[in-house]
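*Asks:* I'll drop the sequence and a predicted model, then ask my questions.
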Amino acid sequence: MNKTTPNLAKIIGLDLITVGRGSLILLVLIFASAMAVVFTTHQTRSAITEKDHALTERERLDDEWRNLLLEETALAEHSRVQSIAKQELDMKRPDSDKEVVIDLP
């Protein structure tokens, strides 16, 4: 006697396709929903990380901007400009009788 044992996987597959069609569709939908949740969670975490990096960069650039404004103010200070003009360029303030005023039309 040559008895063949039934293939259990084949029987389950045929049952799912014929009898359990609704259950199979629900199973696929549940799996798709679970994968969508995982994908959405990953995208959200990536966006939050990117936002944190952008905020950190913004704070760094803000600090640099404030430092540059302070440096600009210090370099443009009138007394500093006047002392550089006197020391390095040998400039001096002209006497009032040597000043010439030009009127533009």
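*Replies:* Thanks, I have the structure now.
*Asks:* What is the least confident helix or strand in this structure?
*Replies:* Lowest by mean pLDDT, DSSP states H and E among the helices and strands of the chain is helix 78-87, with a mean of 81.
*Asks:* and for that one, what are the contacting residues?
*Replies:* With C-beta atoms under 8 Å, 6 or more residues apart in numbering as the test, helix 78-87 has contacts from 74, 91-92. In this view, the C-beta of every residue, glycine as well, is placed from N, C-alpha and C.
*Asks:* just these now: which is nearest residue 20?
*Replies:* Closest approach between the contacts of helix 78-87 and residue 20, by C-beta to C-beta: residue 74, at 80.1 Å.
*Asks:* ok, and the closest one, which helix or strand is that part of?
*Replies:* Applying DSSP states H and E as the criterion places residue 74 in helix 21-75.
*Asks:* One more: residue 10?
*Replies:* According to DSSP H and E, residue 10 maps onto helix 8-18.
*Asks:* contacts for that helix?
*Replies:* Contacts to helix 8-18, defined as C-beta under 8 Å, 6+ apart, come from residues 23-24.
*Asks:* tell me the average confidence for that helix?
*Replies:* Mean per-residue pLDDT for helix 8-18: 85.
*Asks:* So what's the residue count around residue 18?
*Replies:* Residue 18 has 8 neighbours, counted by other C-beta atoms under 10 Å.
*Asks:* picking that back up, buried by neighbour count, from the contacts of helix 78-87: which ones?
*Replies:* Taking 16 or more other C-beta atoms under 10 Å as the criterion, nothing in the contacts of helix 78-87 is buried.
*Asks:* pLDDT wise, what is residue 3 at?
*Replies:* Residue 3 is assigned a pLDDT of 67 by the prediction.
*Asks:* Quick check: residue 20 vs residue 6, distance?
*Replies:* 18 Å (C-beta to C-beta, to the nearest Å).
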